[in-house]
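**Q** Got a sequence here, can you build the structure:
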Amino acid sequence: MSNEFNRNEDAMKMAWSNVRQKLEKIEEGGGLKAAQKQKEKNKLTARERLRYLLDEDKPFIEIGAFAGYEMYEEHGGCPAGGTVSGIGYVSGRQCVILANDQTVKAGAWFPITGKKNLRMQEIAMENHLPVIYLVDSAGVYLPLQDEIFPDKEHFGRIFRNNAKMSAMGIPQIAAVTGACVAGGAYLPIMSDETLMVENAGSIFLAGPYLVKAAIGEDIDAETLGGSVTHTEISGIADYRFKTEEECLDQVKRIMDKLGPASLAGFNRAEAKPPVGNKSAIYGIQAEGNSKPYNMVDLINCIVDEGSLDEFKKDYGKTIICGYARIEGWAVGIVANQRIVVKSKKGEMQMGGVIYNDSADKAARFIMNCNQKKIPLVFLQDVTGFMVGSRSEHAGIIKDGAKLVNAVANSVVPKITIIVGNSYGAGNYAMCGKAYDPRFIYAWPSAKIAVMGGEQAAKTMLQIQVAGMKAKGEVVTPEAEMELLNRISDNYTRQTKPFYAASRLWVDAIIDPAQTRTVIAEGIAAANLNPVIEPFRMGVVQV
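**A** Numbers count the residues shown, from 1 in each chain. Now for the predicted structure:
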């Protein structure tokens, strides 16, 4: 291996190490003291519940670990959005799991908590995955109730989704291991089966203090809505258990008896490992993604060896399209290729720019994949569409619109991996969050923004300086440089993958070496939804 490869490998591993360190802190939830209080109550933490429940020999893909990262600092923070969630296997069956983290503000729901739970339900509905809820929550976080309670995509949407999923035939199981209060009480009751832990789980619309305030009745939580009350008197719960472990064992038994899922029937052959060793993927990108690289090398680290067949290989070279297999699954890959072009000023790097011909090629390829019922994988490293008179006169907007139309109307599952830049309309054309990818992940090297940091900072600087001068203020070169640095630092912070992941613009920041696994698991999940609508493009200019 070359010295450059080794430098690249070290830089990417350091970037992932930085992500991993942040994740380790997030995984502490509300902290060690809060976890110890759980132990004193003979309760497991959310992550301990997941470890006990999940099949050890199967992958678990955590979704939304960075949700709420560096948000709500004035409220003490909300690690992982107060919920641990993901896609894993229980009794051999792939499913969605959501576990309230009681160590974070007693499992209270922040705005990002609602958004994260809705995202997990969306994943379940799109892929017909069974859902397991591990309930232990004090309800809505009241200081922010106006941001989570009344709107369409707020707290109430969760119960609407419970009803919709039930009508779709998606099994839902709720294990109540702690508090389940107020509106949240509807979630377990709208699930197919409800399990409760004695002297720990409770379900009621109003707790003892509110009951006392509202109607003057003195009553304790266990009598009001504990496991004995709901298994012997109200009939709301179906099972009760002395320990959490016994409760989770019953969840495993229920999952073990689910009928077989209907399949979409995506093509799968015997899997083959990729070319080279697993760590080869770390050495392809330069630190800071500062130099062009061969995207085919990256693709070959992900796909089964020898499976890549490029489509229109010698045409539209800034987007690579090709059929391949990942863990045996047939996929269509759409990936940006960074190139170097010569201009009057010398050589210039074009960071995954989409030209007319590459947009046209990609649109045609996406249509082909829909025709053949082949899932799509988008590998993003894009700065946008080519600009300038030559491109405009050639109809770049028309060709770009055709590509966006194909992505938007695609009916096969789409999985997006942001490996580098994701700027402007390039984000849209390469199936960004707004274009309904089944799953969307980011590498530590990802940058998501309307444009590159340097261009954006200079643009915003010009606007602010012009405004200051219009007011008669004197702007010295030193002051202008200080302002530029401040703008640049803030903009750079917003482009980092942590910022995107905290707001759930991406489902997770992943180890590049995990890319193959998350794609394969995503297709396995998508294969459980047998319904594929007919592909229709609508009106496009040709």
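
**Q** and Ile417, what helix or strand is that in?
**A** Here Ile417 sits within strand 414-423, counting by DSSP states H and E.

**Q** What is that strand packed up against?
**A** When contacts are defined as 3 or more CB pairs under 8 Å, 6 or more residues apart in numbering; DSSP states H and E, strand 414-423 packs onto strand 376-382, strand 439-442, strand 447-449, helix 515-526. All C-beta atoms are positioned from the backbone trio N, CA, C, and that covers glycine.

**Q** Touching the shortest one from outside, list them.
**A** So that's strand 447-449. 289, 418, 420-424, 427, 432, 442, 453, 456, 491, 494-497, 499-500, 505-506 (CB atoms under 8 Å, 6 or more residues apart in numbering).

**Q** Confidence-wise, which helix or strand of the protein is lowest on average?
**A** strand 346-350 (a mean of 55; mean pLDDT, DSSP states H and E).

**Q** and the next element down the chain from that one?
**A** Next along from strand 346-350, by DSSP H and E: strand 353-354.

**Q** Report the next helix or strand after that following strand in sequence order.
**A** Proceeding N to C from strand 353-354, the next assigned helix or strand is helix 356-372, under DSSP H and E.

**Q** Give the other helices and strands that that following helix contacts.
**A** strand 309-311, strand 319-326, strand 329-336, helix 396-409.

**Q** want to throw the helices and strands packed on strand 414-423 into a markdown table with mean pLDDT and distance to Gly538?
**A** Formatted as a markdown table, the helices and strands packed on strand 414-423 follow (pLDDT from 0 to 100; distance: least, CB to CB, whole Å):
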| stretch | mean pLDDT | distance to Gly538 |
| --- | --- | --- |
| strand 376-382 | 97 | 18 |
| strand 439-442 | 98 | 24 |
| strand 447-449 | 92 | 28 |
| helix 515-526 | 98 | 23 |
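
**Q** Just put the ones you listed in TSV and tack on distance to Gln94 and mean neighbour count.
**A** Listed next are the helices and strands packed on strand 414-423 as TSV, based on distance: least, CB to CB, whole Å; neighbours: other CB atoms under 10 Å:
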stretch	distance to Gln94	mean neighbour count
strand 376-382	19	27
strand 439-442	13	26
strand 447-449	28	22
helix 515-526	6	22
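
**Q** Indicate which one of the ones you listed is closest to Ile302.
**A** Closest approach to Ile302 among these (CB to CB): helix 515-526, 5.0 Å.

**Q** The closest one packs against which elements?
**A** Checking 3+ CB pairs under 8 Å, 6+ apart, helix 515-526 ends up next to strand 61-62, strand 93-100, helix 111-127, strand 319-326, strand 329-336, strand 414-423, strand 439-442.

**Q** what's the angle from the longest one to helix 515-526?
**A** Just to be clear, that refers to helix 111-127. Between helix 111-127 and helix 515-526, the angle comes out at 70 degrees (axes from the mean of the first three to the mean of the last three CA atoms, to 10 degrees).

**Q** Just the C-alpha atoms of helix 111-127, please, in PDB.
**A** Output in PDB follows, covering the C-alpha atoms of helix 111-127 (Å, rounded to 0.1, in the frame of the first residue of the first chain):
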ATOM      1  CA  PRO A 111     -39.600  17.400  20.400                       C
ATOM      2  CA  ILE A 112     -36.800  15.400  18.900                       C
ATOM      3  CA  THR A 113     -38.100  12.300  20.800                       C
ATOM      4  CA  GLY A 114     -41.400  12.600  18.900                       C
ATOM      5  CA  LYS A 115     -39.500  13.000  15.600                       C
ATOM      6  CA  LYS A 116     -37.400  10.000  16.300                       C
ATOM      7  CA  ASN A 117     -40.300   7.800  17.200                       C
ATOM      8  CA  LEU A 118     -42.200   8.800  14.200                       C
ATOM      9  CA  ARG A 119     -39.200   8.000  12.000                       C
ATOM     10  CA  MET A 120     -39.000   4.500  13.500                       C
ATOM     11  CA  GLN A 121     -42.700   4.000  12.900                       C
ATOM     12  CA  GLU A 122     -42.200   5.200   9.300                       C
ATOM     13  CA  ILE A 123     -39.500   2.600   8.800                       C
ATOM     14  CA  ALA A 124     -41.800  -0.100  10.200                       C
ATOM     15  CA  MET A 125     -44.700   1.000   7.900                       C
ATOM     16  CA  GLU A 126     -42.500   1.200   4.800                       C
ATOM     17  CA  ASN A 127     -41.000  -2.200   5.300                       C
END
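
**Q** For it, list every residue counted as buried.
**A** Burial within helix 111-127, assessed by neighbour count using 16 or more other CB atoms under 10 Å, is assigned to 111-121, 123-127.
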